[in-house]
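> Pasting the sequence and the predicted coordinates here, then a few questions.
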Amino acid sequence: MWNTIFPYLLTGISVGGQYALIAIGYTMVYGILRLINFAHGDVFMVAGIVMVYMAASGMPLWLCIPLVLITTALVGFLIERVAYKPLRSAPRMSVMISAIGVSYTLQNLVLYITGGLNKDYPAIPWLSESITIMGATTKRVTIVTPFLTIALVVALVMLINHTKIGMAMRAVSRDFETSQLMGIKINSVISSTFVIGTLLAGVGSILYFTNYPTVIPTSGAMPGLKAFVAAVFGGIGSIPGAVVGAFIIGIAENIIKGLDIILLKAGVTHSMLGLATFSDAFTFALLIVILSVKPTGLFGEKITDKV
Amino acid sequence: MKKVLALVLTMLLVLSAAAMAETVKIGVFEPATGANGAGGKQETLGMQYANQETKTVEIGGTEYDVELVYADNASDNTQATSAAQKLVSEGVSVVLGSYGSGVSIAGSETFKNADTPAIGVTCTNPQVTAGNSHYFRVCFLDPFQGTVLANYAYKELGVTTAYCLGELGNDYDQGLVTYFKQAFEGLGGTVFAESFPKDTQDFTSYLTNAEALSAEVFFCPVSIDYAVKIIEQASSQGKTFPILGGDTLDSNMVSNAAKGTSVKVVVTTFYQEGANETFDNGFKAWLAEDAEALTNNGGNDIIAGVTAMGYDAYYVALEALKAAGSTDPKAVMEALPAVTYDGVSGHIEFDETGDAVRTTAYVKTVNNETGDWEFVTEQTVG
Amino acid sequence: MKDLTRKKIDSATIITGAIVIAVLLASFIAEQFMPATSMLFTVLKKSATYALVAVSMNLLNGFTGIFSLGQAGFMLLGAYTYGIFTIPVAERMNVYQYYNGGLVQFVVPWYVAMLLAGLVAAFFAFLIGLPVLRLKSDYLAIASLGFAEIIRALFQWDKLGPITNGSNMLRLFPSFNDFNIRNASGEVVVYLDTLVPLLITTLCVGIIVLLINSTFGRALKAIRDDEIAAEAMGIRLASHKRLAFCVSSFFAGVGGAMLAMYQATVQANGFTTIMTYEILLIVVIGGIGSVTGSCLSAFLFVAASEWWLRFLDQKQMLGNFEVPLLRNGFRRVVFSIIIMVVVLFFRRGIMGTKELPDLIRGFKNRRRKEAASK
C-alpha cells in the first residue's frame, strides 16, 4: 500500500513546494493591498521565458540564475508602478480588472515573442539529475524543492518579524491609512512587497521548470490559479497558511491523479473510474468547502466590516 | 475613435485593392499557436515550400499566381470558427488543413455554409469527413492507425498490457485511444486508458499509474507539447516501458527530447525521410536559406511526416484547381472527388467519403544517440 | 410612483426603441444584399451572443455588486443543455460514436432547448449560490471561478459520456445558419442567420432592462450601494442576491446556447476562465452598470479582435517597405495594450453608468439650453 502511494506523495510534496513559493506572492500582496494579483502566475511564466532566452544567448548558468531573479523582481516592480499604483484610490474591482488585464498582456506578449513555439528550459546540472529514493526514481529538484521552500519561508518570516521594513509591512497590512499617517512610506513598502513576492515566484519558476522543462505562454495560468487557491485555503494574508495550503493542494492533486490505481490496488473498485479528470477540479471543490465552513481559510484572521 | 476607424477602413480597402491581380487564393487553416502550434507550423512549412517551388497554376487557360492566405486557429475549437470565417471572407478557392482533428471539425460548418471545399492534411479522425461532401483528406484514418499501432505493439513488441493517455477534449487523442483499445483488446491484450486536463505539465503521476498497472507500453497519441514532457519525465523517472505514439509524435522536437535518454519512442507516420530524395534535398536546402522556416521546423532540418503531407496537399489543391478550370470554390469542390495525384507520400485518390485510400503506415523509432528517426517497418492493413 | 411611470415612456425611450429597431432592420437588409461570407455577419452573431452574456454579468457586477467570475461555467451548462436536447436522433450515432448513441433519444424544438438551457443554468446557480453567495467580494469571485472549473471537469468525465459525450465534441445540432429560409433546391432565399440572434439578444436584454427598472432592480442597486443600509430599509439581502444570481445565470445559460449555435460545435474545454475574463473586460470597457455600454463594447471587442485588427497578424507591404513587428500574435499584443489603456485611463468605460436614453435626454437638454441662451 505504502509503495503504491509513496510516488504520488513525493510528486505532491514537490509540486506543493512550487505552489508555495508562488502562493506567498499572492498572500503578501493581498495582505497589504487587498488585491488578488491575477498577473502573479504570469510573472512566474515570464521568469521562465527570461531564463530560456538568457541561456540561449550563451550566458553561463551561474550568471543566468541571479539575473533571472533580478529581472523578475524588476517586472514585478514595474507592474505595480504601471498598472496598480495609478488605481490606488479606485474601487477594488478596478484594480483586480487591471490585474486581469496585465495577465492577458503578459501572455500575449510572450506568445508574440516566442511565435507560439514551446521553449525548452535549460537543464540545470545537479538539480535535473535523476536519483532513486525509497524505490521511486525522480529528479533531484523534487527532493530539494520542499527544503528550499521551507528555508526561504523561515527567512521571510524572520524578515517580516525582525526588520524595519517587515514591521512597516505588518503595519500597512493592519491599517493602510493610519500607517500612512504614522509616516510610513506606503509606496516603498508596497514596492518591496511586490519585489519579494516576485523574487520568490522567480525561485519557484526555476524549480518548477527544471522539473517540467517547457515554457509556453499559458504555463503560469494553472500553477498561478492553484497557488492562489492555496493562499485562500490557508487564509489569505497568512504566510504559514499559504505554505500549508500549497502542500495540501499539491499532495491532494497528485493523490487524485493516482486515486484510480490506489483504489484498484486496495480492492475498493474493480475498474477505472476516470477520477484523474478531477485533478484540477478537486482543488476548487476543496476551496469551496473550506470557504463555506471557515470563510477566512485555515489560518486567516476574522475581519469585521466597517460600516 | 472615428479617425482610427477611418484608418482601418482605408487599410482594408488598400489591402483588397492590392489583391486584385490574377491570383488564386488557397487558405491555410492551421494552428500557429496553442498546444498544436508546433505541429501546425511544420505542416504549413510543407505548403510554403511547395508554394515557392510552384508559384503559379494554369486554370482554364490563364496563368494564376497562387497566394497562401493564413488563419491561425490557435488549436482552439472556439477560435476555429472565426479563423475559418476569415479565410472564407477573403474568398479562398480551397482550404488546406488543419493539423488537429478537433479544429477541423469545428471549422467544417463554416466552410460548408460558404460552399468552400477543404482538404484535411493530417486530421485523422473519421468525423472530419463523415457525413459531409465538402471535406476531403489526404492522410489515413484513425481506425486504421489505431489498428496498425495495436498490431505493432502486440505482435512486434510482444506486449499484452497497454496504458493509454489522451488529452481531455481532444478529438484526435480520444479517437485514436478508442480505436487502439478496440484493436488491442481484440488481439487479446489488456488496456487501461486515462485522460489528463488541458495544460497539464506534470505527467509523473500518470507515468507512476502506468507502472503500478504493470503496463508494458505507454501509448500517448498527444500533441507534441505534451509528448515532449512525457518523454522527458519518463526519462527522469527511469521508466523502462516504450512510449508509443501516433503521427503527431513524428516531429524532430519529440526525437530531440528522446535524444540522450534511454526512452524508446515508437510512432506511426505518413512519410519516412529518404523516400523521395528530390523532395528531401530541396526542402533541406530551402530551410537552410530561410532562418524563420528553420526555427519553425524546431531548429534543425529533420523532415516531419506532416511537412511531406502539407507539401502533397498543396499539389492536390493545384490539381483540383486545374481540373475545375475555375477559381470558384463550388467548381473546385465538384472537381475534387475525381482528383488523383502521386505525391511524395504515395498515391492519393479519394473514396466516396472523401478520404484518401491509404493502406500503408510507416513505423519509426528514435535513435537515442543521434536523435534521428529510424525506419522500423512498413505496416499494411487490409 | 406616478412620476416614475411617466418618465419611463418619455420621448427618449421611444427614440431608443426606434434606434434598436433601425439597427435590426439595417442588419436584416444588409444580410440580404451583402455577400454572406462577409466578416460583418460573423462579428454581429458573435457579438450578439457576447452582449447578452456581458449584460447578464453586468446585472451581477454592475447592478448588484456581486463580483462573480462563474460566467463561463453557466455558459457551458447552457451550451451543453442546448446541444444535448437538439441533436437530431438520426445523427446521435455519429456524435456519440464512442457511447453507442448516448442516452437521450429525443429532441425538443430549438426555442424550448434554449429555455431549458437557461433553466438548467439557473438551477445550478441556485445550488451553488447557497454556499457561495454568503462569501465576501474576493472570496466570492474566486469561489465562483472555481465552480466554473468544477463544472468543466464534470462535463468531461468519461462516466457521464452517455449524456455529455465525455470530453468529445457535441455537433450537428441546429445552428444559426439553419434559420435561413431555403427553397427546394437548397438555395437560400431569405437570410435570417444574423437577424435571429440579434432578436434573441434584444428580447433578453429587454427583459433584463425591465427588471433593472422594477422595484426588484432598485432593491439590487440599493444592495450594491450599501448592503447594511439596504438591509436596514427592509430589503432581504439573501433572497435578493440569490434571485439576481439565478436570473443572471439564466441569461448566461441562454447566451451559452447562442454560443453553441454560433460555433456549431460545443466542447467543454473551450469554456475556460479566459472566456470569463473576456466577458468581464467587455463589461468594464462598456462601463460597469450600463447595459448600453455592455452591448456596444461587446460589438467593438469582437469586431476588433476578430476582424479589424486581423491585418496585424500578417506581413504587410507599403510599397517596398515591410512594416516591422507585424507577424502572427501581434494582433493580440495590440489588443491587450488597448485594453490596458482603457482600464487605466478610461476607468469608467465607454458609457460609465449612463444608458442610451440618458444620452438622448442629455442631448435634448443641451439643445434646449442653447436655444434658451440665444
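Everything's here; your move.
> When you work out contacts or count neighbours from here on, use the C-alpha atoms and nothing else.
Fine.
> Quick one: the helices in chain B, in order.
Applying DSSP state H to chain B gives helices spanning B:2-18, B:37-53, B:77-89, B:101-113, B:142-151, B:171-186, B:204-212, B:224-236, B:252-258, B:277-289, B:291-296, B:305-324, B:329-335.
> Could you export those as CSV, including distance to chain C?
As requested, those are exported to CSV (distance: least, CA to the nearest CA, whole Å):
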stretch, distance to chain C
helix B:2-18, 7
helix B:37-53, 11
helix B:77-89, 5
helix B:101-113, 6
helix B:142-151, 13
helix B:171-186, 6
helix B:204-212, 17
helix B:224-236, 16
helix B:252-258, 21
helix B:277-289, 19
helix B:291-296, 12
helix B:305-324, 20
helix B:329-335, 12
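> With respect to the ones you listed, which exhibits the lowest mean confidence?
Of all the helices of chain B, helix B:2-18 carries the lowest average pLDDT, namely a mean of 57.
> So which residues of the stretch 151-300 of chain A form helices?
A:164-174, A:176-181, A:186-211, A:221-234, A:239-266, A:279-293 (DSSP state H, counting those that start in this stretch).
> Say whether chain C is contacted by the fifth one.
Same thing as helix A:239-266. No: between helix A:239-266 and chain C, judged by CA under 8 Å from any CA of the partner chain, nothing touches; the nearest distance is 13.1 Å.
> Which among the helices of chain B is found nearest to A:Ser103?
Nearest of the helices of chain B to A:Ser103, taken as CA to CA: helix B:77-89 at 19.7 Å.
> and the closest one, is it in reach of chain A?
No: against chain A, helix B:77-89 shows no contacts by CA under 8 Å from any CA, the least distance being 15.2 Å.
> Give me the contact list for that helix.
Identification of contacts with helix B:77-89 by CA atoms under 8 Å, 6 or more residues apart in numbering or on different chains yields B:27, B:29, B:69-74, B:95, B:102-104, B:106-107, B:110-111, B:114, B:116, C:37-39, C:42, C:263, C:267, C:270, C:306-307.
> mind showing which ranges of chain C have poor pLDDT?
Chain C contains residues with pLDDT under 70 at C:1-9, C:374.
> Quick one: the strands in it, in order.
Assigned by DSSP state E, chain C shows strands spanning C:170-171, C:181-182, C:188-190, C:265-266, C:317-318, C:321-322.
> Give me the helices and strands touching the fourth one, please.
When contacts are defined as 3 or more CA pairs under 8 Å, 6 or more residues apart in numbering or on different chains; DSSP states H and E, strand C:265-266 packs onto helix C:71-86, strand C:170-171.
> And for residue 188, the neighbour number?
No chain specified, so I'll use chain A. A:Ser188 has 13 neighbouring residues, counting by other CA atoms under 10 Å in any protein chain shown.
> Chain B was what I was after
When neighbours are counted by other CA under 10 Å, B:Gly188 registers 11.
> Just want the residue of the stretch 151-300 of chain C that's nearest chain B.
Here the residue of the stretch 151-300 of chain C nearest chain B is C:Ser167; by CA to the nearest CA that distance is 4.2 Å.
> thought that residue was touching C:Leu160?
No: assessed by CA atoms under 8 Å, C:Ser167 is found out of contact with C:Leu160, at 9.4 Å.
> These two: which is more packed in?
C:Ser167 (27 against 16).
> For that one, give its distance to B:Thr178.
13 Å (CA to CA, to the nearest Å).
> so how far is chain C from the closest residue to B:Glu185 other than its chain neighbours?
Using CA to CA, 6 or more residues apart in numbering or on different chains and skipping the chain neighbours, the partner closest in space to B:Glu185 is B:Val191 (6.9 Å). Separation of B:Val191 from chain C (CA to the nearest CA, to the nearest Å): 16 Å.
> Kindly report the same for B:Gly260.
33 Å.
> got the contact list for that residue?
B:368-371.
> Could you rerun that using 7 Å?
B:368-369 (CA atoms under 7 Å, 6 or more residues apart in numbering or on different chains).
> per-residue confidence for it?
pLDDT, B:Gly260: 87.
> quick one: A:Asn3 from chain C, how far?
To chain C, A:Asn3 is 28 Å away according to CA to the nearest CA.
> So what pairs up with B:Thr62 in the strands?
B:Ile59 (DSSP bridges).
> who touches residue 218 in this structure?
If you meant another chain, say so; for now it's chain A. The contact partners of A:Thr218, by CA under 7 Å, 6+ apart, come to A:Gln107.
> wait, chain C
So C:Arg218 contacts C:Ile212 (CA under 7 Å, 6+ apart).
> And C:Thr86, by the same measure?
Listed by CA under 7 Å, 6+ apart, the contact partners of C:Thr86 are C:107-110, C:113, C:173-174.
> want to throw the residues you listed into JSON lines with distance to chain B?
Compiled in JSON lines, these are given as follows (distance: CA to the nearest CA, whole Å):
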{"residue": "C:Val107", "distance to chain B": "20"}
{"residue": "C:Val108", "distance to chain B": "22"}
{"residue": "C:Pro109", "distance to chain B": "21"}
{"residue": "C:Trp110", "distance to chain B": "18"}
{"residue": "C:Ala113", "distance to chain B": "21"}
{"residue": "C:Phe173", "distance to chain B": "11"}
{"residue": "C:Pro174", "distance to chain B": "11"}
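> Need the single longest helix in the chain, by residues.
All of this refers to chain A. From DSSP H, the single longest helix across chain A is helix A:2-33.
> Let me rephrase: I mean chain C.
helix C:237-263.
> Next, the angle from that helix to helix B:77-89.
40 degrees (axes from the mean of the first three to the mean of the last three CA atoms, to 10 degrees).
> Which residues belonging to helix C:237-263 are considered buried?
By 16 or more other CA atoms under 10 Å in any protein chain shown, the buried positions in helix C:237-263 come out as C:240-263.
> Among the residues you listed, which ones lie close to chain A?
Among those, not one lies near chain A by CA under 7 Å from any CA of the partner chain.
> For the spatially most central residue of chain C, give me its contacts.
For chain C, the residue sitting closest to the mean C-alpha position, by CA atoms, centre = their mean, is C:Val53 at 2.1 Å. Contact analysis of C:Val53 by CA under 7 Å, 6+ apart lists C:251-252, C:255.
> Recalculate using a threshold of 8 Å.
C:71, C:251-252, C:255-256, C:279.
> do the same with C:Thr265
Neighbour list for C:Thr265: B:106, C:169-173 [criterion: CA under 8 Å, 6+ apart].
> that older thread, check which helices and strands the longest helix of chain C is in contact with.
Against helix C:237-263 (3+ CA pairs under 8 Å, 6+ apart) you get helix C:39-61, helix C:71-86, helix C:110-132, helix C:215-225, helix C:227-232.
> what does the shortest one contact?
For helix C:227-232, the external contacting residues (CA under 8 Å, 6+ apart) are A:307, C:219, C:222-223, C:237.
> buried stuff in it?
C:227, C:230.
> For that helix, C-alpha coordinates in CSV please.
Extracted as CSV, the C-alpha positions of helix C:227-232 are listed here (Å, rounded to 0.1, in the frame of the first residue of the first chain):
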residue,chain,number,x,y,z
GLU,C,227,-25.6,46.4,1.9
ILE,C,228,-26.1,47.4,5.5
ALA,C,229,-28.3,50.4,4.8
ALA,C,230,-30.3,48.3,2.3
GLU,C,231,-30.9,45.7,4.9
ALA,C,232,-32.0,48.3,7.4
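> Return the per-residue confidence for the residue in chain A sticking out farthest from the centre.
Distance to the chain centre peaks in chain A at A:His270, reaching 37.2 Å (criterion: CA atoms, centre = their mean). Here the pLDDT value assigned to A:His270 is 80.
> give me the number of residues near the closest residue to it other than its chain neighbours?
Leaving aside its sequence neighbours, A:His270 sits nearest to A:Leu264 (CA to CA, 6+ apart; 5.8 Å). Close neighbours of A:Leu264, defined as other CA under 10 Å, add up to 16.
> is stretch B:297-310 anywhere near chain A?
No: if you take CA under 8 Å from any CA as the test, stretch B:297-310 misses chain A, and the best it gets is 8.6 Å.
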